[in-house]
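Undergrad: 3D model of this:
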Amino acid sequence: MKIFILNKPDHSKDEQLESFTVDHSGKRMTTNQGIRVSNDDDSLKAGTRGPTIMEDFHFREKMTHFDHERIPERVVHARGSGAHGFFQVYEPVPELTQAKFLQDPSIQTPVFVRFSTVLGSKGSADTVRDT
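TA: Residues are numbered from 1 along each chain as shown. A predicted model of the protein is given here:
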């Protein structure tokens, strides 16, 4: 018979976060223009499973914010291309690695390669970004 002793849960992180917690009770949710909204989880639709209608201004406002959100880390990698294929070594290279797919010329390893256009569009200078 095994007996498991459960430790008391550690709430130290919750206690650290309490000083940064804001109480929003009693405050109403509003749109960007200050119009009160009771619920922003649902959208107005034409019928039970129909499309969202244009009169749902709050949903359109939320989608506009979502569509125009800018994530700086992703901007430079937004463009690129990729290629599917396989990798096959011509000669074994035991002096460089022990990876099996680099030791046997008969092994074909499926790969996907992404080519990012971090350096800019066609014709842009390569000196703009220090790679």
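
Undergrad: other SSEs contacting the lengthiest helix in the chain?
TA: Ranked by residue count under DSSP state H, the longest helix found in the chain is helix 57-67. For helix 57-67, not one helix or strand is in contact under the criterion 3 or more Cβ pairs under 8 Å, 6 or more residues apart in numbering; DSSP states H and E. For every residue, glycine as well, the C-beta is placed using N, CA and C.

Undergrad: buried sites along that helix?
TA: Neighbour-count burial for helix 57-67 flags H58, F59, E61 (criterion: 16 or more other Cβ atoms under 10 Å).

Undergrad: what stretches of the protein score poorly on pLDDT?
TA: For the chain, the stretches with pLDDT under 70 are 1-9, 71-80, 116-131.

Undergrad: can you map out the helices along this protein?
TA: Remark: helices assigned in the chain by DSSP H are 12-17, 57-67, 72-75.

Undergrad: who's in contact with the first one?
TA: Among residues not part of helix 12-17, none is counted as a contact by Cβ atoms under 8 Å, 6 or more residues apart in numbering.

Undergrad: Now find how far off-centre it is within its chain.
TA: Put simply, helix 12-17 sits 27 Å off its chain's centre (Cα atoms, centre = their mean, to the nearest Å).

Undergrad: Can you lay out the helices of the chain as TSV showing distance to D104?
TA: Shown next, in TSV, are the helices of the chain (distance: least, Cβ to Cβ, whole Å):
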stretch	distance to D104
helix 12-17	49
helix 57-67	49
helix 72-75	38
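
Undergrad: of all the ones you listed, which lies closest to L102?
TA: With Cβ to Cβ as the criterion, L102 lies closest to helix 72-75 of those, at 32.4 Å.

Undergrad: OK, contacts around the closest residue to K100 other than its chain neighbours?
TA: Spatially, and ignoring its direct neighbours in sequence, K100 is nearest to I107 (7.2 Å; Cβ to Cβ, 6 or more residues apart in numbering). Listed by Cβ under 8 Å, 6+ apart, the contact partners of I107 are Q88, V89, K100, F101.
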